[in-house]
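Student: quick one, what's the 3D model for this:
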Amino acid sequence: RKGPFPHRADEPWRSQNLVRGVEGHDGLAAMGEVSEAPLPLDADMVSGDLSALKRKRFDLLIVGAGLSGAVLAERCSQELGMTSLVIDCRDHLGGNCYDYVDESGIRCSKYGAHLFHTKYERVWRYVRQFSEWIPNDHRVRGMVADYRGEKQLVPIPPTQRTVNTLFPDAEIADEADMAAWYDEQRVAPEHGGDPKNGEEAALSRVGPLLYERIFKHYTKKQWDKYPAELDASVLMRLPCRTSTDDRYFSDPWQALPLRGYTRLFENMLLSDPRITVKLNVDFFEARRRGALPAFGKLVYTGPIDAYFDGLPKLEYRSLRFEEEYIEDPEDGFFQEAFVVNYPGPDVPFTRIVEYKHVPNQPAAVKRGEVKGTRIAREYSSATGPPYYPVPNPQNRALYERYRDLAQAHPEVCFVGRLASYKYFNMDQAILNALEIFDSLKETGDLQPKRRPEDFGPGDGPK
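Tutor: Predicted coordinates for the structure are as follows:
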């Protein structure tokens, strides 16, 4: 059978996930809300009209209803009694985390798959206040050409099984064999120094066999640049596992929200009388028209290069999703796993996501009552909504100029991945917002405690 793909890893890796069962609290469910889909939003909230606000002044004007904005609105209200007006140009809560239930009953993510994982106990304790969570060991498969050029479904990142499937003569039996195989494969830069670009980094990490089959062309599809054209840092993070651990992440807390990510935002924002949410509101247009209410502090989570004029635009990569509903697939599923990467140059998309596999699907899906399935082919693009900053020296230098401009405006808190030109994982975005709130409590200043890069690398394009 093709599915559903098991959402728990084999032992001993399964036990390394500290989420044991259903954990957390869903306030809406506790009050009797039975819907497994996002709640209908009232007409006033989605009208885009700021003329009939019940308050004439807010402590905070928060631009963006994603993770950073929601955390700050919730914390400032609950701990300090501050009022917030949260505006967003989209027609829904949650930013890129937004998920919904389609007409067939399948829970889907509008902006690509989101997988929560964290090493920060503070973040895990925080998110448990707004949702019930179920354990999930995210594992990715890749359709990769073996030594004969025939496609095989193998674990990504590469494990012992990956290497043995693609190159049977490797005959890897244990971790020592895998480490020795890597040592034989690795190619140090000819100049004798540290890798100067992504290709040198990848070859020094995994060697030419895996580089050519898994990383070279996938990188080109994601960034429209071959590894040799990117910073070494982009590929120095390639995982070189010697074990049989096929989990994509190794963090101690890995889970999915039982009723979807949108439910977190509903619990954080919708029942708090000190928080007002207005959707379909363009901040810049409202400011131009003089439609914004009075406020004490501005929290801006949008692209920093949209806020300031006079400098060149920063470079981003975007994603395009080509969705397809399949009425009656064999065994009820299209593919063998939730996420299947396509790293070869023979297809233009990077991966196919099949939502039906995830364990937080509505009850009807889990009971087998939904016969069809929905897939999304993902394409990387230079145009469209900004998703990923492009890491190269020119963009980093340009962002520093924007950061200098931001620091000259202490009345504005620039927060989140777009305002920081930094790809934050979900838990990093939450922790960053929590630490900004800490700063407000400690100093009265709503500003980051550390630079975005101090959080370390995010997952980035997968």
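Student: which non-adjacent residue is nearest Arg450?
Tutor: Spatial nearest neighbour of Arg450, chain neighbours left out: Glu435 (7.2 Å); criterion: CB to CB, 6 or more residues apart in numbering. (C-beta placed from N, C-alpha, C; glycine too.)
Student: just to be sure, that neighbour is in a helix?
Tutor: Yes: counting by DSSP: H, G, I helix; E, B strand; the rest coil, Glu435 is part of a helix.
Student: give the contact list for it.
Tutor: For Glu435, the contact set (CB atoms under 8 Å, 6 or more residues apart in numbering) comprises Pro448, Lys449, Arg450.
Student: separation between it and Pro393?
Tutor: Distance, Glu435 to Pro393, by CB to CB, to the nearest Å: 28 Å.
Student: helices of the stretch 301-450 of the chain, residue ranges please.
Tutor: 304-307, 363-366, 393-407, 417-420, 426-443 (DSSP state H, counting those that start in this stretch).
Student: quick one: closest of those to Asp245.
Tutor: helix 426-443 (20.0 Å; CB to CB).
Student: and that closest one, which residues are buried?
Tutor: 426-437, 439-440 (16 or more other CB atoms under 10 Å).
Student: what's the answer for stretch 155-172, then?
Tutor: 155-160, 162-167, 170, 172.
Student: so can I have a markdown table of the helices of the stretch 301-450 of the chain showing mean pLDDT and distance to Gly207?
Tutor: Shown next, in a markdown table, are the helices of the stretch 301-450 of the chain (pLDDT from 0 to 100; distance: least, CB to CB, whole Å):
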| stretch | mean pLDDT | distance to Gly207 |
| --- | --- | --- |
| helix 304-307 | 96 | 38 |
| helix 363-366 | 96 | 41 |
| helix 393-407 | 94 | 27 |
| helix 417-420 | 94 | 32 |
| helix 426-443 | 96 | 31 |
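Student: tell me which of the ones you listed sits nearest to Asp251.
Tutor: helix 426-443 (7.9 Å).
Student: gap between that closest one and the chain center?
Tutor: On the basis of CA atoms, centre = their mean, to the nearest Å, the separation between the geometric centre of helix 426-443 and that of its chain is 18 Å.
Student: pull the CA atoms of it into CSV?
Tutor: What follows is helix 426-443, C-alpha atoms only, in CSV (Å, rounded to 0.1, in the frame of the first residue of the first chain):
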residue,chain,number,x,y,z
MET,A,426,8.7,28.5,13.2
ASP,A,427,10.2,27.9,16.6
GLN,A,428,13.0,30.5,15.9
ALA,A,429,10.3,33.1,14.9
ILE,A,430,8.4,32.4,18.1
LEU,A,431,11.5,32.6,20.3
ASN,A,432,12.6,35.8,18.7
ALA,A,433,9.2,37.4,19.4
LEU,A,434,9.2,36.1,23.0
GLU,A,435,12.7,37.6,23.5
ILE,A,436,11.5,40.9,22.0
PHE,A,437,8.7,40.8,24.6
ASP,A,438,11.2,40.1,27.3
SER,A,439,13.1,43.2,26.2
LEU,A,440,10.0,45.2,26.5
LYS,A,441,9.3,44.0,30.1
GLU,A,442,12.9,44.5,31.1
THR,A,443,13.8,47.8,29.5
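Student: so what pLDDT did Asp445 get?
Tutor: Asp445 is assigned a pLDDT of 89 by the prediction.
Student: list the contacts of it.
Tutor: Counted by CB under 8 Å, 6+ apart, Asp445 has contacts Pro410, Ser439.
Student: how much space separates it from Asp438?
Tutor: Note on Asp445: its distance to Asp438, by CB to CB, is 11 Å.
Student: how close does the spatially closest residue to Ile214 that is not a sequence neighbour sit to Lys366?
Tutor: Nearest residue to Ile214 in three dimensions, chain neighbours excluded: Pro343, at 4.9 Å (CB to CB, 6+ apart). Distance from Pro343 to Lys366, counting by CB to CB: 31 Å.
Student: who has more neighbours, these two?
Tutor: For Pro343 versus Lys366, the count of surrounding residues by other CB atoms under 10 Å is larger for Pro343: 24 against 13.
Student: just the pLDDT for that one.
Tutor: For Pro343, the pLDDT comes out at 96.
Student: isn't it up against His217?
Tutor: Yes: the criterion here is CB atoms under 8 Å, and Pro343 meets it with His217 at 6.0 Å.
Student: where does the stretch 201-350 of the chain dip in pLDDT?
Tutor: Under the criterion pLDDT under 70, no range of the stretch 201-350 of the chain is flagged.
Student: one more time with 90, if that's ok
Tutor: 225, 229-240, 330-331 (pLDDT under 90).
Student: got the residue ranges for the helices in the stretch 1-150 of the chain?
Tutor: 27-30, 43-46, 67-80, 121-127.
Student: what's the most buried one of these?
Tutor: Between these, helix 67-80 has the highest mean count of neighbours, a mean of 23, where neighbours are mean count of other CB atoms under 10 Å.
Student: other SSEs contacting that helix?
Tutor: strand 57-63, strand 84-88, strand 275-279, strand 294-300, helix 426-443 (3 or more CB pairs under 8 Å, 6 or more residues apart in numbering; DSSP states H and E).
Student: mind putting the ones you listed in CSV, distance to Leu269 included?
Tutor: Shown next, in CSV, are the helices and strands packed on helix 67-80 (distance: least, CB to CB, whole Å):
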stretch, distance to Leu269
strand 57-63, 10
strand 84-88, 7
strand 275-279, 5
strand 294-300, 14
helix 426-443, 14
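Student: out of those, which is closest to Tyr226?
Tutor: The nearest among those, by CB to CB, is helix 426-443 at 28.0 Å.
Student: rewinding a little: now the buried members of the contacts of Glu435.
Tutor: Applying 16+ other CB under 10 Å to those flags Pro448 as buried.
Student: closest one of the contacts of Glu435 to Arg237?
Tutor: Taking the contacts of Glu435 together and measuring to Arg237 by CB to CB, the closest member is Arg450, at 20.0 Å.
Student: which elements pack onto the longest strand along the chain?
Tutor: Criterion DSSP state E: the longest strand present in the chain is strand 316-326. Applying 3+ CB pairs under 8 Å, 6+ apart, one finds that strand 316-326 contacts strand 373-381, strand 388-389.
Student: ok, how many other residues are close to Arg186?
Tutor: 14.
Student: how about the closest residue to it other than its chain neighbours, secondary structure?
Tutor: Excluding the flanking residues, the one nearest Arg186 by CB to CB, 6+ apart is Gly207, at 5.1 Å. Secondary structure, three-state DSSP: Gly207 is helix.
Student: how near is Gly207 to Ile87?
Tutor: 50 Å.
Student: and these two? Which one has more around it.
Tutor: Legend: neighbour count by other CB under 10 Å for Gly207 and Ile87, higher for Ile87 (23 against 18).
Student: pLDDT at the more buried one, what is it?
Tutor: pLDDT recorded at Ile87 is 98.
Student: before we move on, what about the one 10 residues further on?
Tutor: If you check Cys97, the pLDDT there is 97.
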